[in-house]
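>>> Predicted model and sequence follow; I will ask about them next.
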Amino acid sequence: QVQLVESGGGLVQAGGSLRLSCAASGRTISSHAMGWFRQPPGKERECVAAIGWIEGSTHYADSVKGRFTISRDNAKNTLYLEMNNLKPEDTAVYYCALERGSTIGVVTTAARYDYWGQGTQVTVSS
């Protein structure tokens with residue numbers, strides 16, 4: 001049974017920072033693509049960042065490039081999303097996801113992910 005548990009969300013003022021964590025259990029993350037998605041109220045879920053299991057393979061949505069950083073600590077079996085210079089439009093529920101297969105590169109399509117966390121709310125006030 002694979003479980004992903006996000007933490008680190010909260011309320012922050014515009015320009016502030018948050019660090020999201022996604023602790024995995026039931027499967028080691030070292031050889032799997034993972035991603036961070038977000039879903040604002042009334043909108044579709046979108047991929048904000050993705051990371052492959054090959055060192056250095058990352059992808060960012062244009063809206064977060066230069067502000068967000070995705071990383072993984074295989075020893076801790078944990079995925080991270082460092083978010084800086086947050087904006088009100090970053091407000092959403094953030095989810096981490098893990099692909100069960102062995103895709104070498106990044107995966108940015110939600111439908112390709114097999115396991116999801118429960119989500120953590122990020123609210124950015126203006």
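All right, it came through fine.
>>> how close does Val48 get to Ser102?
23 Å (CB to CB, to the nearest Å). C-beta: built from backbone N, CA, C; applies to glycine.
>>> whoops, Gly119 was the one
Distance of Gly119 to Ser102, computed by CB to CB: 26 Å.
>>> With Met83 instead?
Distance, Met83 to Ser102, using CB to CB: 29 Å.
>>> okay, the two: which has more neighbours?
More neighbours surround Met83 than the other of Met83 and Ser102, with 26 against 9 (other CB atoms under 10 Å).
>>> Show me what that one bridges to in the sheet.
Per DSSP bridges, the residues bridged to Met83 are Leu18, Phe68.
>>> For the closest residue to Val5 other than its chain neighbours, the count of nearby residues, please.
Leaving aside its chain neighbours, Val5 sits nearest to Ala23 (4.9 Å; criterion: CB to CB, 6 or more residues apart in numbering). Using other CB under 10 Å, Ala23 is surrounded by 16 other residues.
>>> Ala23 contacts Asn77, doesn't it?
Yes - if you go by CB atoms under 8 Å, Ala23 and Asn77 touch, sitting 6.8 Å apart.
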